[in-house]
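J.: quick one: sequence and predicted model below, then my questions.
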Amino acid sequence: MITGFLALYIFMLAAFTGYEIISRVPVILHTPLMSGSNFVHGIVLVGAMVALGHATGAVEITIGVVAVLLAAGNVAGGYVVTERMLEMFKTSKQQKPASK
């Protein structure tokens, strides 16, 4: 029972700390922050795959599959968003005149 409360306390502390840190990040640094968070999402995906590999019951396998699918979607979506954000910083290229 103590372990559950300790885990809940750590989760709440991490959530509060994360919120406070992210809210103080300047707007210009959100793109690098998003790229860095994609690294963390990749680790979550690996953890979900390891947990799925150790699953034995039907409920555990179902939760593992859902975790892997959500983590993979999160990683892919993060990279798509980062790419779109980086496109905003690129200058438009001059079009070359059509040659005859």
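T.: Okay, I see it. This is a predicted model, so every value here is computed, not measured. Numbers count the residues shown, from 1 in each chain.

J.: element containing the residue nearest to Ser35 when sequence neighbours are not counted?
T.: Spatial nearest neighbour of Ser35, excluding adjacent residues (C-beta to C-beta, 6 or more residues apart in numbering): Thr82 at 5.2 Å. (C-beta placed from N, C-alpha, C; glycine too.) Assessed by DSSP states H and E, Thr82 sits inside helix 58-89.

J.: counting by contacts, list what that helix packs against.
T.: Secondary-structure packing of helix 58-89 (3 or more C-beta pairs under 8 Å, 6 or more residues apart in numbering; DSSP states H and E): helix 30-53.

J.: and the residue most central in space within the chain, how far is that from Gly4?
T.: Per C-alpha atoms, centre = their mean, the C-alpha nearest to the average position across the chain is that of His41, at 3.8 Å. Using C-beta to C-beta, to the nearest Å, His41 is found at 26 Å from Gly4.

J.: how much space separates Ile10 from Ser37?
T.: Taken as C-beta to C-beta, the span from Ile10 to Ser37 is 19 Å.

J.: tell me the pLDDT at Val65?
T.: What the model reports as pLDDT for Val65 is 94.

J.: Gly18 too?
T.: Reported pLDDT for Gly18: 84.

J.: lowest-pLDDT helix or strand in the chain?
T.: The least trusted helix or strand in the chain, going by mean pLDDT, DSSP states H and E, turns out to be helix 30-53, with a mean of 81.

J.: one step back: who's more crowded, Ile10 and Ser37?
T.: Applying other C-beta atoms under 10 Å to Ile10 and Ser37 shows that Ser37 carries more neighbours, namely 14 against 10.

J.: got the contact list for the more buried one?
T.: Residues in contact with Ser37 (C-beta atoms under 8 Å, 6 or more residues apart in numbering) are Gly78.

J.: fine by me, we can end here.
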